[in-house]
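> Below are the sequence and a predicted model for it; my questions follow.
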Amino acid sequence: MVRPPRAEHLARGGPRIVSPHGDFTVSARTVLASGLREPFDLVLPTVKSYAFSAAMEQFALAVGPARGMARP
């Protein structure tokens, strides 16, 4: 799940990994918070600490009730 500007950026070039072992770009499937319809198997939040609470509210629909979070 990404914000609209990041989704546009990723659609143009995908995430780019820069490494001393070799650089590469991967394709990414993105979804906006408004596009969440069902739980995902895995959610890896990668946000700055000050944005974590807001991000949790935004991706709550991606976490199924059996995994400890109730749907809003």
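The structure has been received and is ready for your questions.
> how far does the longest helix seen in the chain sit from the chain's center?
Counting by DSSP state H, the longest helix found in the chain is helix 4-13. Distance of helix 4-13 from its chain centroid, counting by C-alpha atoms, centre = their mean, to the nearest Å, is 12 Å.
> again with stretch 18-33
Stretch 18-33 sits 13 Å away from the centroid of its parent chain (C-alpha atoms, centre = their mean).
> List the contacts of it.
If you take C-beta atoms under 8 Å, 6 or more residues apart in numbering as the criterion, stretch 18-33 is touched by 1-4, 6-7, 10-11, 13-17, 58-59, 61. Heads up, the C-betas are built off the backbone N, CA and C, glycines and all.
> can you pull out the helices in this protein?
4-13, 52-59.
> Throw those into JSON lines and include mean neighbour count, thanks.
What follows is these, written out as JSON lines (neighbours: other C-beta atoms under 10 Å):
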{"stretch": "helix 4-13", "mean neighbour count": "12"}
{"stretch": "helix 52-59", "mean neighbour count": "13"}
